[in-house]
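Engineer: sequence? don't have it. structure:
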């Protein structure tokens, strides 16, 4: 495990996903100051998650064909620019386009960064969970940062939200040489072009598209309640339970922070008991937790249910990423792009529909509808097949053998 590289990539993940989390944190302010409807703010959630997810597979394919490490800083800087511009824009269309730009930046970041993190962490589930938790920490910090900036300075102070990306971009420039893989034995594993079919057959590492398709279906079912709860749980606290904007931000923070706990817990469970255990436990607990969000009669009950739901939803997260890459061992960037991208698009694509449902029938009805929809993915997740984790062969100092080993990854 290359701890320095993994740690630095985890920091970039925190910054990138801070901007992913900033968008839902801005929605209550947009509703109150610009008088947007539930459908309108759900449309912004689609611009962030849906557009981002549709672009992410493309960036995954590009990462498989040729190393493009520059996409990592370009991604989080673009995300920051989109969020800042959305805060400063004056009408809904401009805001939507700016949020979509932020989503594209987020999409550009994930496939190359995830492939590099898998290479730095080897076959450890805990290593991938550490990288993943960087994103959930960033998302957890976002509501507090947005509330602090916009709550005190208004949308005119949105430019202050660019500070984390600026700092990390400077660190990337300073630490760029340190992030490069050195020597023949560390030649950009998992971010090089995919190996040939003969090489794959020679190592027994063939792509299992059938199992991968089942995993994508599960993640689609995961993304719909995740994106919808993220965009509406703060409003649920304010509109249904009569709490303040700060309280709404607090429940969103608890929800996203719980995801960090769940990600680390899932990595530990995956290493100790097998990654399929983390998948099955996570989905089994998430279902009743979502029921708690829909039912919650008081604010403490909502906070507790949201925290449990956030934890449970992210227990399988690291396992799903590595499982996707092991289903498609010869196309790790594509696997990351499809599972983190196209599958996640379903959440953004369905978000406007749930926004319209909330406008017409209320938030509680919306959460109960999510609960019914979530039953199918839970059953499918429990039945997912495992695939043996790939452990790299011992590295040889000779260039030819090192290159072969890198190709096997």
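Structural biologist: Nice, I can see it. Quick caveat: nothing in here was measured; it's all calculated off a predicted structure.
Engineer: okay, now residue 91: neighbour count?
Structural biologist: Around residue 91 there are 8 other residues, counting by other C-beta atoms under 10 Å. No exception for glycine: its C-beta is placed from N, CA and C like everyone else's.
Engineer: I'd like the distance between it and residue 7.
Structural biologist: 42 Å (C-beta to C-beta, to the nearest Å).
Engineer: next: residue 65.
Structural biologist: Taking C-beta to C-beta, one finds residue 65 at 28 Å from residue 7.
Engineer: residue 302 now?
Structural biologist: 35 Å.
Engineer: please apply the same query to residue 312.
Structural biologist: 27 Å.
Engineer: these two: which is more packed in?
Structural biologist: It is residue 312, of residue 312 and residue 7, that has more neighbours when counted by other C-beta under 10 Å, with 24 against 13.
Engineer: just the pLDDT for residue 41.
Structural biologist: At residue 41 the predicted local distance difference test score is 83.
Engineer: surely it touches residue 230?
Structural biologist: No: with contact defined as C-beta atoms under 8 Å, residue 41 does not reach residue 230; the gap is 11.6 Å.
Engineer: what is the neighbour count of residue 170?
Structural biologist: 11.
Engineer: please, which helix or strand holds it?
Structural biologist: If you go by DSSP states H and E, residue 170 is part of helix 163-179.
Engineer: which residues touch that helix?
Structural biologist: For helix 163-179, contacts defined as C-beta atoms under 8 Å, 6 or more residues apart in numbering pick out 4-5, 8-9, 11-12, 15, 18-19, 69, 72-73, 76-77, 79-80.
Engineer: mind listing what the closest residue to residue 253 other than its chain neighbours touches?
Structural biologist: Leaving aside its sequence neighbours, residue 253 sits nearest to residue 143 (C-beta to C-beta, 6 or more residues apart in numbering; 4.6 Å). Neighbour list for residue 143: 21, 24-25, 234, 249-250, 252-253, 256 [criterion: C-beta under 8 Å, 6+ apart].
Engineer: end to end on stretch 267-286, go ahead and measure it.
Structural biologist: Criterion C-alpha to C-alpha, to the nearest Å; first-to-last residue distance in stretch 267-286 is 17 Å.
Engineer: residues contacting it, please?
Structural biologist: With contact meaning C-beta under 8 Å, 6+ apart, stretch 267-286 is reached by 124-130, 132, 222, 225, 262, 265-266, 308-309, 311-320, 322-323, 374, 377-378, 381-382, 384, 386, 389.
Engineer: likewise stretch 107-115?
Structural biologist: By C-beta under 8 Å, 6+ apart, the list of residues contacting stretch 107-115 reads 9, 12-13, 16, 51-56, 58-60, 62-63, 67-69, 71-72, 74-76, 78-79, 131, 190-191, 321, 332-333, 336-337, 340-341.
Engineer: please indicate which of the residues you listed are buried?
Structural biologist: The neighbour-count criterion (16 or more other C-beta atoms under 10 Å) marks 9, 12-13, 16, 51-56, 58-60, 62-63, 67-69, 71-72, 74-76, 78-79, 131, 190-191, 321, 332-333, 336-337, 340-341 among those as buried.
Engineer: what bits of the stretch 201-350 of the chain have low per-residue confidence?
Structural biologist: Of all residues in the stretch 201-350 of the chain, those with pLDDT under 70 make up the ranges 201-204, 337, 340-346, 348.
Engineer: check the gap between the closest residue to residue 375 other than its chain neighbours and residue 35 for me.
Structural biologist: Spatial nearest neighbour of residue 375, chain neighbours left out: residue 287 (7.0 Å); criterion: C-beta to C-beta, 6+ apart. For residue 287, the distance to residue 35 equals 35 Å [C-beta to C-beta].
Engineer: and these two? Which one has more around it.
Structural biologist: When neighbours are counted by other C-beta under 10 Å, residue 287 and residue 35 differ, and residue 287 comes out ahead with 17 against 8.
Engineer: give me the element the more buried one is part of.
Structural biologist: Counting by DSSP H and E, residue 287 is part of helix 275-295.
Engineer: next one: that helix to chain centre, how far?
Structural biologist: 18 Å (C-alpha atoms, centre = their mean, to the nearest Å).
Engineer: what packs against the helix or strand that that helix is followed by?
Structural biologist: Per DSSP H and E, the first helix or strand lying C-terminal to helix 275-295 is helix 299-314. Secondary-structure packing of helix 299-314 (3 or more C-beta pairs under 8 Å, 6 or more residues apart in numbering; DSSP states H and E): helix 209-235, helix 245-273, helix 275-295.
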